[in-house]
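Novice: sequence first, predicted model second:
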Amino acid sequence: MIRPRAAASVAMLSILALFTASAWSQSAAQPGPPPQVCVNGQCVTTPPPVVTPTPSGSIKWNPGHYMASYQVVKGGDSAMGGMTPEMNDLNNQDAIIGYRMFITWAAIEPSQGKYDFSVIDAVLARLKTAYNKPKHLVIEMWLYGQHAYSAGDTSIIPGYILNNPSYGTSPVSGSFGWWGQNSGGASTGIYAPALWYPPVMDRFIAAMQALGQHLDGDPYVEAVFFQEDSTLAQAAANLGSVAPQYSDQAWLTQLQRLLTATTAALPHTSVIMANSYFVNGASAIALEQWMANNRIAAGAADTLGQSAISRLGTTILGDGMRTYMGVDGNAGNVDLRPKMTAMMDVQSGDMYTTYFGKYGGPFTPLDIIDALNTTYQASHAFWTRLNGSQVPAAAQWPAVAAACAAHPLLRTAYPANYP
């Protein structure tokens, strides 16, 4: 989990925030013509009108609080595993709209052009049928390996990429199509697919097109979420060596290609980009502004509490999120919140551990909800489901679910940049 580098705004309230818009709701019925028209004794029968539903918005829209999985489905995983007990905690939690899952590229494309959505399908079927009310699904693409790469590991990146020199070099002899922390010809830390390199991105785009063809028509598939771009910027350029094909401009160009292709493949589904930062801030600013003009939702890997933002200011947030708020000093000074929406991950480090200790963390659910409504003005929040004796009571799922039920999100109107 890569974190941002190192004000508050009044929440926009609308009567629309009290309702959930359906992506395919029908407009009010209009009166039809009379069944028969007669002039001077000559009568003509008119056929009944063909009624075509008029959508209030073409993208599925189910805002609110979601549970977020702590698990990652990786290449070789063929079952839901630890997700089942997580999802079971959704039963009789009517204030929790749905569930966000993590899955890697390798898990959905085990061999070139052969796609496997069976785990996603199983999760979706359970969400729709196993609980007192159906729940919506958000699919987040997990894009990096948290540990060193080892030969033959196809948990994150498909094997056909790793074994083919046409997908570019890697820091380890005999493997291809990725970069990461390394020393002496060996991987020593995080790594990621070389999505900044067009041949690799071409294959990832093909996988997203297949995903869209398979799932866009399902009303319970709410969004596809791309993990933060900083993971790849760090793997490619910030950990001691720079990938030969990497530049911020190359990564920005390929991300725009990916997001354009994904929205085309998922015309009725939200697409979320966690735009945290590149090597330099200008590219994150440019991407966020482009996102606002291309119906992409703003995302982030972490949601800090309002107490930290009020005390320390928005400089503790990443470049992309500051641009979304219109407070980035490097020309990202137009508030994009009236135009686009934010859909935010709340991860384990936000609610417990000392990861954000220097900012006053960990933060309570109420502090985070205050930030979601006041500063982030978020329409969706994905709360990592935590349990266990090591987790403080306030961060465990029963307490988080209760806080969400008592404090709904307020910025839930259909976004202005959505068709």
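Specialist: Sure, I can see it.
Novice: when you work out contacts or count neighbours from here on, use the C-alpha atoms and nothing else.
Specialist: Fine.
Novice: can you show me the CA trace of stretch 209-223 as PDB?
Specialist: Listed in PDB are the C-alpha atoms of stretch 209-223, where the atom choice follows Å, rounded to 0.1, in the frame of the first residue of the first chain:
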ATOM      1  CA  GLN A 209     -12.200  -4.600 -22.500                       C
ATOM      2  CA  ALA A 210     -13.000  -8.200 -21.800                       C
ATOM      3  CA  LEU A 211     -14.000  -7.300 -18.200                       C
ATOM      4  CA  GLY A 212     -16.300  -4.600 -19.500                       C
ATOM      5  CA  GLN A 213     -18.000  -6.900 -22.100                       C
ATOM      6  CA  HIS A 214     -18.600  -9.400 -19.300                       C
ATOM      7  CA  LEU A 215     -19.900  -7.200 -16.600                       C
ATOM      8  CA  ASP A 216     -21.000  -3.800 -17.800                       C
ATOM      9  CA  GLY A 217     -24.600  -4.900 -18.300                       C
ATOM     10  CA  ASP A 218     -25.000  -6.200 -14.700                       C
ATOM     11  CA  PRO A 219     -26.900  -3.600 -12.600                       C
ATOM     12  CA  TYR A 220     -25.000  -4.700  -9.500                       C
ATOM     13  CA  VAL A 221     -21.500  -4.000 -10.800                       C
ATOM     14  CA  GLU A 222     -21.100  -0.400  -9.600                       C
ATOM     15  CA  ALA A 223     -17.500   0.500 -10.600                       C
END
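Novice: next, the buried residues of that stretch.
Specialist: Using 16 or more other CA atoms under 10 Å as the burial criterion, the residues of stretch 209-223 that qualify are 209-212, 215-216, 219-223.
Novice: output these in CSV, with distance to D94 appended to each entry.
Specialist: Listed next are the buried residues of stretch 209-223 as CSV, based on distance: CA to CA, whole Å:
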residue, distance to D94
Q209, 32
A210, 32
L211, 28
G212, 28
L215, 24
D216, 24
P219, 18
Y220, 15
V221, 18
E222, 17
A223, 19
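Novice: now those as CSV including pLDDT and distance to W251?
Specialist: CSV is the format used below for the buried residues of stretch 209-223 (pLDDT from 0 to 100; distance: CA to CA, whole Å):
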residue, pLDDT, distance to W251
Q209, 98, 20
A210, 98, 22
L211, 98, 22
G212, 98, 23
L215, 98, 27
D216, 98, 26
P219, 98, 32
Y220, 98, 31
V221, 98, 28
E222, 98, 26
A223, 98, 23
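Novice: looking at those residues, which are in strands?
Specialist: Judged by DSSP state E, strands contain the following of those: 221-223.
Novice: for T154, state which of these is nearest.
Specialist: Taking CA to CA as the measure, A223 is the one of these closest to T154, at 25.5 Å.
Novice: contact partners for the closest one?
Specialist: 137-139, 269-272 (CA atoms under 8 Å, 6 or more residues apart in numbering).
Novice: same check on V224?
Specialist: The contact partners of V224, taken as CA under 8 Å, 6+ apart, are 138-141, 269-272.
Novice: now do Y191
Specialist: Residues in contact with Y191 (CA under 8 Å, 6+ apart) are 144-149, 178-181, 232, 235.
Novice: repeat that for 7 Å
Specialist: Contacts for Y191 were tallied using CA atoms under 7 Å, 6 or more residues apart in numbering; they are 144-145, 148-149, 178-181, 235.
Novice: distance check, it against A130.
Specialist: 37 Å (CA to CA, to the nearest Å).
Novice: again, but for A122
Specialist: 11 Å.
Novice: same question for A250.
Specialist: With CA to CA as the criterion, A250 and A130 are 44 Å apart.
Novice: equivalent analysis for L410, please.
Specialist: Taking CA to CA, one finds L410 at 29 Å from A130.
Novice: between these two, who's got more neighbours?
Specialist: Residue environment comparison for L410 versus A130 gives the larger neighbour count to L410, 24 against 14, counting by other CA atoms under 10 Å.
Novice: let me know whether that one touches N373 as I believe.
Specialist: Yes. Here L410 reaches N373: they are 6.0 Å apart, a contact under CA atoms under 7 Å.
Novice: H136 pairs with what?
Specialist: Each beta-bridge partner of H136 is listed here, defined by DSSP bridges: G98.
Novice: all the helices of this protein, in order from the start?
Specialist: 83-88, 105-108, 118-129, 159-162, 198-215, 230-237, 248-265, 281-292, 306-312, 319-325, 348-351, 365-374, 397-406 (DSSP state H).
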